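Chemist: got a predicted model here, sequence first, then my questions.
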Amino acid sequence: MKPTLLALYPDGNERWRWQPECTTDVTGPPTVDHSGSIYLATGCGLFALSSDGRETWTAGAPLGNRAPTVAQDGTLYLAGGLYTSACLWAMESGTGAPRWQACWTSPVDGYVIVGDETVVDASGTIVVPGSYYDSGWVSQVRAFLPTGDPKWTFTDRSGGFVNSVSAADDGTIYAAGLAVLYAIGPDGSENWRFSPGGSLQNKPAIGADGTLYLVSARYEAGGYRKTLHAVGKDGAEKWQLELGTEGFGYHYPEASIGPDGTVLIGFTGTLYAVGPGPTPTPTATPAATPTVTPAIPSEVLSPILGDLETVSSLEECHNTKWCFNQHGSCDGGIGHCVGGGVCQADDTYAWDANLNTPTPDSDAGMPVHAVAEGFVAETYAECTNGDDGSSGQLLIRHDLGGIIWWSGYLHMSNILVTPGTHVYANSLLGYISDKGATNKHLHFVVYTGENTRGSLVSFDARIVPRLGSTSLIAAAAAGDTELQVGSLEGFAPGDLVRINPGGPNAEDSWIASMGSLILASPLRFPHQVDEPIVKIPNPAVGGIAELPAIDTAPAQQAAAPSVASHPSAAKAPALAGGLAAALLAMTTAAWYARRRWLR
């Protein structure tokens, strides 16, 4: 499906919208330079647009998977990692013409990850945060000269993944590891380090006097306690302010600094405005907790195990992948159209899934799984539901926070479940066949509406690849890092997993080590026996597509106010000509300003 970039006037009215020609995902927020040009990285390349929404150039190669940065001299920098290697690309921001690229590999043949925030300091040095995996995440920050030559590399085994960095005017680089803030000198040497007594997630904001403001979290019974720290240029803590345990899990914001020096922190329906002095006091009254309105899912786990791609025609399919073809065609009123589904269901947004290999019907007999927890419906739009159906059809009812949606599966044989069966995201439903079709494939569709004739209405969603699966054999509590699962086959350290996808308390984490399944960060929520755990693409190491983080209450996490720390870091969504517009890049899983790792 196509992402959409929106430009909004300050009153919220739409100014323009833009979509690429390709079906892809957005892999980072848009970047706006000082001329008003907009740059957006996607799964099918990098796009440049003028301030009025006209496409000016594209770089179609799959470049970096983070937001680009534009330096004062007009050079555009983009970084990204792919399994055991990563690269930094330099391009002409006006034309997209390449200038140079610098690449590096893991020293131990392990995963390499690039952080969200590549910055350019006052001297023009490009700084790329990240990590590599060697029995644990090793902090690594790399600096490059404007020519592309390496300047220095900072490495520390105790800090964990470095997601973002800030550049001070004196050339100091401040890098936030998992639990350590590093101050790195212009030559790459460590000036000092600060340990806040909890985990870090975001780069510090830098005040006019050089004071650093950063937020940490530490787990306590009842939640993660957030703390705002003020740290001097010498690494000594000046003061701290407890922000409470409200919020969901270990997600929390970064601080921003207003024009008058006020430190701003927003999360969980509360905006804190903190004075820069030694006795800070929140001056804003907590806002009412926003009402979270449940919505239909914007992403759905694949019903089939394996790598996949979504296309709109058979010609776009590639060998060795599951091809989810959303072709939207009908034959005599039957097929992917309004009224073309089982008992006149609207199947406009349905997919035909084939394992695209040189061998015809090589997907015959492949297992089909439920995509989320739910119950097998009594009927399929008032037609037969189950193994007796003429098209091997099955309909499952799902409840997402009170919002009812449905998943439909056609052309299966040997269906193993019956109406009323309670299923999970790992439950085996049946096997691919040609029942009711002219060739062997799976017809898959998701619906809203009522389960009556002609009342099921298909909707579009992103298909998340299912790369491996297991289940809990013992309950797990919030804060646990060790999970007891039925099988570890197909899983390895560094894998990204989703726990109870599509169900209550769904969340993502990384596998730190094996034996039992050891997570890199504590669970945010409790989980029950039989809840599924599925391996999903790891975008940080070249996964199939960038995945929005699971968040069961996104409306309760306010975005931090955006304040650029240096003019060369052109991140703030502001257009030339004085137009204070907001730029929103949205996939079907919703706009996300920044991807967080190892939380």
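Modeler: Thanks, I have the structure now. Numbering: from 1, shown residues only.

Chemist: check the gap between residue 492 and residue 535 for me.
Modeler: 9 Å (CB to CB, to the nearest Å). All C-beta spots, glycine's among them, are computed from the backbone N, C-alpha and C.

Chemist: meant to ask about residue 495
Modeler: The value you get for residue 495 to residue 535, if CB to CB is used, is 5 Å.

Chemist: any common contacting residues for those two?
Modeler: Applying CB atoms under 8 Å, 6 or more residues apart in numbering, one finds that residue 495 and residue 535 are jointly contacted by residue 468.

Chemist: related to what we said a few turns ago, neighbour-wise, which of residue 492 and residue 535 wins?
Modeler: Between residue 492 and residue 535, residue 535 has the larger neighbour count (other CB atoms under 10 Å), namely 20 against 11.

Chemist: so what's that one up against?
Modeler: 466, 467, 468, 469, 490, 491, 495, 496, 497.

Chemist: give me the element it is part of.
Modeler: Using DSSP states H and E, residue 535 maps to strand 532-536.

Chemist: average model confidence for that strand?
Modeler: For strand 532-536, mean pLDDT rounds to 84.

Chemist: that one pairs with which strands, parallel or anti?
Modeler: Sheet neighbours of strand 532-536, with direction, are listed as strand 468-471 (antiparallel), strand 496-499 (antiparallel) (DSSP bridges).

Chemist: and among the ones you listed, the most buried is which?
Modeler: Mean neighbour count (mean count of other CB atoms under 10 Å) peaks for strand 496-499 among the strands paired with strand 532-536, with a mean of 23.

Chemist: helix or strand right after it?
Modeler: Downstream of strand 496-499, the next assigned helix or strand under DSSP H and E is strand 507-513.

Chemist: by contact count, what packs against the helix or strand following that following strand?
Modeler: For strand 507-513, the succeeding helix or strand toward the C-terminus, using DSSP H and E, is strand 517-519. Secondary-structure packing of strand 517-519 (3 or more CB pairs under 8 Å, 6 or more residues apart in numbering; DSSP states H and E): strand 482-483, strand 507-513.

Chemist: deepest of these, which one?
Modeler: Among the helices and strands packed on strand 517-519, strand 507-513 has the highest mean neighbour count (mean count of other CB under 10 Å), at a mean of 20.

Chemist: rewinding a little: what inclination does the strand holding residue 535 have with respect to strand 507-513?
Modeler: Interaxial angle of strand 532-536 relative to strand 507-513 (axes from the mean of the first three to the mean of the last three CA atoms, to 10 degrees): 80 degrees.

Chemist: before we move on, back to that, of all the helices and strands packed on strand 517-519, which lies closest to residue 309?
Modeler: strand 507-513 (21.7 Å; CB to CB).

Chemist: please name the strands paired to the closest one in the sheet, noting orientation.
Modeler: Applying DSSP bridges, strand 507-513 is found paired with strand 496-499 (antiparallel), strand 517-519 (antiparallel).

Chemist: ok, which stretches of the stretch 301-450 of the chain are strands?
Modeler: 308-311, 321-325, 330-331, 334-335, 351-356, 367-369, 374-376, 394-400, 403-410, 412-413, 422-423, 428-432, 442-449 (DSSP state E, counting those that start in this stretch).

Chemist: count the neighbours of residue 135 for me.
Modeler: Residue 135 is flanked by 11 other residues according to other CB under 10 Å.

Chemist: same check, this time on residue 9
Modeler: 12.

Chemist: likewise residue 332?
Modeler: Neighbour count for residue 332, taken as other CB under 10 Å: 6.

Chemist: from residue 467, how far off is it?
Modeler: Applying CB to CB, the value for residue 332 to residue 467 is 38 Å.

Chemist: mind saving the C-alpha coords of the strand holding residue 535 as CSV?
Modeler: Taking Å, rounded to 0.1, in the frame of the first residue of the first chain, the C-alpha atoms of strand 532-536 are listed here in CSV:
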residue,chain,number,x,y,z
PRO,A,532,1.9,-16.7,20.9
ILE,A,533,5.3,-15.2,20.2
VAL,A,534,6.2,-14.6,16.6
LYS,A,535,9.4,-13.6,15.0
ILE,A,536,8.9,-10.4,12.8
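
Chemist: mind putting the strands paired with strand 507-513 in TSV, mean pLDDT and distance to residue 403 included?
Modeler: As requested, the strands paired with strand 507-513 are arranged in TSV below (pLDDT from 0 to 100; distance: least, CB to CB, whole Å):
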stretch	mean pLDDT	distance to residue 403
strand 496-499	86	19
strand 517-519	89	29
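
Chemist: those: which one's closest to residue 344?
Modeler: With CB to CB as the criterion, residue 344 lies closest to strand 496-499 of the strands paired with strand 507-513, at 34.2 Å.

Chemist: circling back: where among the helices and strands packed on strand 517-519 is average confidence lowest?
Modeler: Lowest mean pLDDT within those: strand 507-513, a mean of 83.

Chemist: how many residues are close by the residue nearest to residue 513 when sequence neighbours are not counted?
Modeler: In space, and not counting its chain neighbours, residue 513 is closest to residue 493: 5.5 Å by CB to CB, 6 or more residues apart in numbering. Neighbour count of residue 493, defined by other CB under 10 Å: 16.

Chemist: so this structure: which segments form each domain?
Modeler: Per the record, the chain has its domains at 204-291, 299-466, 468-541, by automatic domain parsing.

Chemist: show me the one of these that comes nearest residue 165.
Modeler: It's domain 204-291; of the domains of the chain, that one is closest to residue 165 (CB to CB) at 9.4 Å.

Chemist: tell me the mean pLDDT for the closest one?
Modeler: 73.

Chemist: for burial, what's the neighbour tally of residue 11?
Modeler: Under the criterion other CB under 10 Å, the count of neighbours that residue 11 has is 5.

Chemist: same thing with the one 3 residues further on?
Modeler: By the criterion of other CB under 10 Å, residue 14 has 11 neighbours.

Chemist: ranges for the strands of the stretch 151-300 of the chain?
Modeler: Applying DSSP E, counting those that start in this stretch to the stretch 151-300 of the chain gives strands spanning 164-167, 173-176, 181-184, 190-194, 199-200, 205-206, 212-220, 223-231, 237-244, 256-257, 263-267, 270-274, 299-305.

Chemist: point out the most buried one among the ones you listed.
Modeler: strand 173-176 (a mean of 28).

Chemist: which elements pack onto that one?
Modeler: Partner elements for strand 173-176 (3+ CB pairs under 8 Å, 6+ apart): strand 137-144, strand 164-167, strand 181-184.

Chemist: go again using 7 Å as the cut-off
Modeler: Under the contact criterion of 3 or more CB pairs under 7 Å, 6 or more residues apart in numbering; DSSP states H and E, strand 173-176 touches strand 164-167, strand 181-184.
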